[in-house]
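Have a look; sequence and predicted model below, questions after that.
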Amino acid sequence: MLSVPALRLLHELRLRGTLTAAAEALFLSRSAASHQLATLQRAAGTPLTERVGRTLRLTEAGVELAIRAERVLREIEEAGAAMERLHGTLSGTIRVGLVQTMAIHVLPRVLVLLREEHPLLRVEGRSLTTEDALVAVSSGEIDLAVVPSYDTTPLRVSGGLRQETLFRDPVRLAVPADHPLAREPGPVRIGGLAGERWIAGERGTYFGQLVPSLGRQAGFTPDIVHRSDDYAVVAALVGADRCVALIPASSDVGRWPNVTTLEVAADGVGRDVVALLRAGSRDRPAVRAVLRALRHRRRPVDEDRLKVPR
């Protein structure tokens, strides 16, 4: 018989690529995960994995069953959402992941609103990257994530995920405060920045693809001398090493000394901030409550209300 825990393990293996990572996500020892996988293969009556060198890879049957496992898990989650709606009072725990800027500038106000409207709801927050959020939401490790989707490199999501746009977050050019561009009126054209030294995000990340993508559109290869996905690091390096960088308006780098931000004139330079959620959880009352709070994040909130009660 195909058990739900075993199907969940197969789903995790497909998401994370290794049995060790899948076991860690489910708080299993590797030996327990191996035993569970072997039991599932016997029940399926066909090999679900194969060894390729030192790597364990899903067979065609394994991929097919993993895809169906995702559907089963979605149905179970939808059943839980239906029961939650019938319960009436919003309570329990919801786990939310946010990228750095959203964790700093959005999460505190969301927590205030939710505490006022749903005092029995426990919200657990976590700061993580966009790339980690895609896996964490898909696996059920978190219930909802708030991440950016850049115009040049939109999010690529699996069939089991949904995304809802929350708001627009413009991207600005950060330059040293005494840079000649800081004195010029009007938006800056990317094509005029070919001779600049750049700071970009880490390779392999969505943020890391932004500067190279816009450079290619403008006909040049940016000279990237520093890489970081931490906007505070990026802002500090702009002022210290006389570089330029593209950085979201929500990062509020204007508070850094010796740094100025300017508007950019280029197609595809912006980004949307979106909520990622599983298809099976989108009708959960707790998920909808968090989404409403995220959309109302711009309401003014007194500083006194942001203080955690003693």
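Received the coordinates, thanks. Computed from a predicted structure; not experimentally measured.

Output the longest helix belonging to the protein.
In the chain, ranked by residue count with DSSP state H as the criterion, the top helix is helix 60-87.

quick one: residue 206 and residue 134, what's the gap?
Plainly put, residue 206 is 10 Å away from residue 134 if you go by C-beta to C-beta, to the nearest Å. For glycine as for every other residue, the C-beta is placed from the backbone atoms N, C-alpha and C.

just residue 258 next, same as before
Relative to residue 134, and taking C-beta to C-beta, residue 258 is found at 35 Å.

Can you list the strands that the helix or strand that contains residue 163 pairs with?
According to DSSP states H and E, residue 163 maps onto strand 161-169. Looking at strand 161-169 with DSSP bridges, its partner strands are strand 271-278 (antiparallel).

how far is the helix or strand following the partner strand from where the chain is centred?
Next helix or strand after strand 271-278 toward the C-terminus (DSSP H and E): helix 285-295. Offset of helix 285-295 from its chain centre (C-alpha atoms, centre = their mean, to the nearest Å): 17 Å.

How about stretch 148-158?
With C-alpha atoms, centre = their mean, you get 10 Å for stretch 148-158.

From start to finish, how long is that stretch in a straight line?
Across its full length, stretch 148-158 reaches 16 Å between end residues, using C-alpha to C-alpha, to the nearest Å.

ok, back up a step: when residue 258 and residue 134 are compared, which one has more neighbours?
residue 134 (21 against 15; other C-beta atoms under 10 Å).

so for the helix or strand harbouring the more buried one, what's the average pLDDT?
Applying DSSP H and E as the criterion places residue 134 in helix 130-139. The average pLDDT within helix 130-139 is 91.

Let me see the ranges of the helices in the stretch 151-300 of the chain.
Along the stretch 151-300 of the chain, counting by DSSP state H, counting those that start in this stretch, helices occupy 210-218, 231-241, 285-295.

Nearest to residue 93, out of these?
helix 285-295 (8.2 Å; C-beta to C-beta).

Just the buried residues of that closest one, please?
Buried residues in helix 285-295, counted by 16 or more other C-beta atoms under 10 Å: 285-291, 293-294.

got the contact list for residue 117?
Contacts here follow C-beta atoms under 8 Å, 6 or more residues apart in numbering; on that basis residue 117 touches 289, 293.

The chain should start at 694 in everything you say after this.
In the new numbering, first residue 694, that becomes residue 810.

and it, how far is that from residue 914?
For residue 810, the distance to residue 914 - C-beta to C-beta - is 50 Å.

Could you do residue 731 as well?
Distance from residue 731 to residue 914, by C-beta to C-beta: 50 Å.

ok, the two, which is more surrounded?
Taking neighbours as other C-beta under 10 Å, residue 731 and residue 914 compare with residue 731 leading, 13 against 9.

what touches both of residue 899 and residue 827?
residue 848.

what angle sits between the helix holding residue 827 and strand 854-862?
Angle, helix 823-832 to strand 854-862, by axes from the mean of the first three to the mean of the last three C-alpha atoms, to 10 degrees: 140 degrees.
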